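*Asks:* next input, structure requested:
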Amino acid sequence: MNVLIDADTIRSPELRHEVPAAILDPFLYGERDGVAFATTSALDAANIAKARPDLRQLDTMSELGLRELIVGGMGRGEALLEVRARACEAMGVTEAAVPATFPLATARFLEARGITLHVDDALFVARRRIKTPAQLEGIKRATRAAEHGLQAAREALAPGLTCTELRAIVRAAVEPHAALGEFTVATGPDTATGHGSSTGPIVPGQPVIVDLWPQDRETGTFTDIARTFVVGEPDPEITRWHALVLEVLEDALAYVKPGVEGKQLHARACDRFEAEGFPTQRKPGKHLMEGFPTALGHGVGLEVHEAPGLGRTGEALQAGDVISIEPFLCRPGFGGVQVEEIVLVTDTGAELLSDHPRTL
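*Replies:* Numbering: from 1, shown residues only. Okay, the predicted model is just below:
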């Protein structure tokens, strides 16, 4: 099946996978009978050629007539759509699969020119499930950066330190090594919300969750790891939860291998938590965020959350997948415990990519 992607590589994981370079402006990428092509400007041609030397570049000015279209009075937006149609016609594309994010304006313009488009998101997800060597190295670099942040948090934690101050400490530790956008620093009852953050002071005995998903600047790949800390003596219930979370984590790591389904891993976690009396997704409690209310993890790569899933519908793992495993227990008004690791699925099992102490 021929394919088309209309995007930039900063925001589109589908296109960043095909053209592994940071290209700010949107362009049309396509494949016809295995031949890759793209509409490119002189500003980006060298970067694209370095990233994909096999790709045929169609220059928007000299080959596709963008300048003449604009000089002739056509608005820039319509002219760029015309350029995309001309590229498809030049390459003989009459039918193609597109991702779900394909722009509606481009789709309607191309369809009006007789090009049939099929949305096939599964195709594009499958194309980037197995990480390239460069992507895997990027994930490892992002993971090391996150570990710098976790270590800085562990060393800085003290009574009275605010979560706002801790966020600044974590960011300063991570940013020299990777790009850190949003992340979670939560304490007390806020740790039961999942992705919620706190701003106020850290209280002895209460959980503090630091969840980081920095992005490698070179490859655009992410990691996703988290730890739960406590200043001083932890609440006995938090200690019990933490031990159970680690038990579930270790069981999942031992069970990971190609062919195992994400939903099987999730079911094993539910079995263990339910045996200890906790609600789960499949046996909910009175509150939505209570017990083990989440998936066990997810794929990680050019998106923080991508295939394969480790929830109730999780698909079979493949060698080359990178996944997070993140058992989580919580109770509204009290708090939560989360420990998250990043893992490469190998031919024989799981290779742990993260390496930071799991102690409270």
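
*Asks:* in stretch 197-217, what counts as buried?
*Replies:* Neighbour counts over stretch 197-217 (16 or more other C-beta atoms under 10 Å) mark 197-198, 201-202, 206-216 as buried. Every C-beta, even on glycine, is put in place using the N, C-alpha and C of the backbone.

*Asks:* which strand or helix spans H118?
*Replies:* strand 116-119 (DSSP states H and E).

*Asks:* quick one: strands adjacent to that strand?
*Replies:* Partners of strand 116-119 in the sheet, by DSSP bridges, are strand 95-98 (parallel).

*Asks:* ok now the following helix or strand past the strand holding H118, how far from the chain's centre?
*Replies:* With elements assigned by DSSP H and E, the helix or strand that comes after strand 116-119 is helix 121-127. Its chain's C-alpha centre and that of helix 121-127 lie 15 Å apart, by C-alpha atoms, centre = their mean, to the nearest Å.

*Asks:* what of stretch 235-245?
*Replies:* Distance, stretch centre to chain centre, for stretch 235-245: 28 Å (C-alpha atoms, centre = their mean).

*Asks:* got the CA positions of the strand holding H118 in CSV?
*Replies:* C-alpha atoms of strand 116-119 as CSV (Å, rounded to 0.1, in the frame of the first residue of the first chain):
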residue,chain,number,x,y,z
THR,A,116,-8.2,7.9,-2.9
LEU,A,117,-7.2,8.0,0.8
HIS,A,118,-7.7,5.4,3.4
VAL,A,119,-7.1,6.1,7.1
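
*Asks:* report the distance from that strand to the chain centre.
*Replies:* Average the C-alpha atoms of strand 116-119, do the same for its chain, and the two points are 26 Å apart (C-alpha atoms, centre = their mean).

*Asks:* I would like the residues contacting that strand, please.
*Replies:* Residues outside strand 116-119 that contact it (C-beta atoms under 8 Å, 6 or more residues apart in numbering): 1, 4, 94-100, 102, 107, 110-111.

*Asks:* next, the buried residues of it.
*Replies:* Within strand 116-119, the residues scored as buried using 16+ other C-beta under 10 Å are L117.

*Asks:* quick check: mean pLDDT across that strand?
*Replies:* Averaged across strand 116-119, pLDDT comes to 98.

*Asks:* repeat for stretch 37-53
*Replies:* 97.

*Asks:* same check on stretch 334-344?
*Replies:* In this model, stretch 334-344 has a mean pLDDT of 98.

*Asks:* which residue sits farthest out from the middle of the protein?
*Replies:* G72 (43.4 Å; C-alpha atoms, centre = their mean).

*Asks:* closest to V322 among the contacts of strand 116-119?
*Replies:* V322 has its nearest neighbour among these in P99, at 20.2 Å by C-beta to C-beta.

*Asks:* show me where pLDDT drops low in this structure?
*Replies:* Nowhere does the chain drop to pLDDT under 70.

*Asks:* all helices of it, in order?
*Replies:* Under the criterion DSSP state H, the chain contains helices at 13-18, 42-51, 66-71, 76-91, 104-112, 121-127, 133-156, 163-174, 236-255, 262-275.

*Asks:* out of everything not next to it in sequence, what's closest to K50?
*Replies:* A21 (6.9 Å; C-beta to C-beta, 6 or more residues apart in numbering).

*Asks:* where's that neighbour relative to G220, distance?
*Replies:* Per C-beta to C-beta, to the nearest Å, A21 is found 9 Å from G220.

*Asks:* ok so, going back, deepest of the helices of the chain, which one?
*Replies:* Most buried of the helices of the chain, by mean neighbour count (mean count of other C-beta atoms under 10 Å): helix 13-18, with a mean of 23.

*Asks:* which outside residues touch that one?
*Replies:* With C-beta under 8 Å, 6+ apart as the test, helix 13-18 has contacts from 5, 7-10, 29, 36, 52, 99, 101, 124, 127-128, 220, 301-303, 306.

*Asks:* and with 6 Å instead?
*Replies:* Here helix 13-18 makes contact (C-beta atoms under 6 Å, 6 or more residues apart in numbering) with 5, 7, 9, 29, 99, 124, 128, 220, 302-303.

*Asks:* coming back round to it: neighbour count: A21 and G220, which is higher?
*Replies:* Set side by side, A21 and G220 show more neighbours around G220, with 24 against 17, by other C-beta atoms under 10 Å.

*Asks:* skipping its backbone neighbours, what lies nearest the more buried one in space?
*Replies:* In space, and not counting its chain neighbours, G220 is closest to R16: 5.0 Å by C-beta to C-beta, 6+ apart.

*Asks:* same check, this time on F102
*Replies:* D6 is the one closest to F102 (C-beta to C-beta, 6+ apart), at 5.9 Å.

*Asks:* so how many other residues sit close to T294?
*Replies:* T294: 21 surrounding residues under other C-beta under 10 Å.

*Asks:* V170 is in contact with Q151, isn't it?
*Replies:* No: the pair V170 and Q151 does not pass the contact test of C-beta atoms under 6 Å, sitting 9.7 Å apart.

*Asks:* so how far is G297 from the residue nearest the centre of the chain?
*Replies:* Central residue of the chain (C-alpha atoms, centre = their mean): V304, 1.5 Å from the mean position. Per C-beta to C-beta, V304 is found 12 Å from G297.
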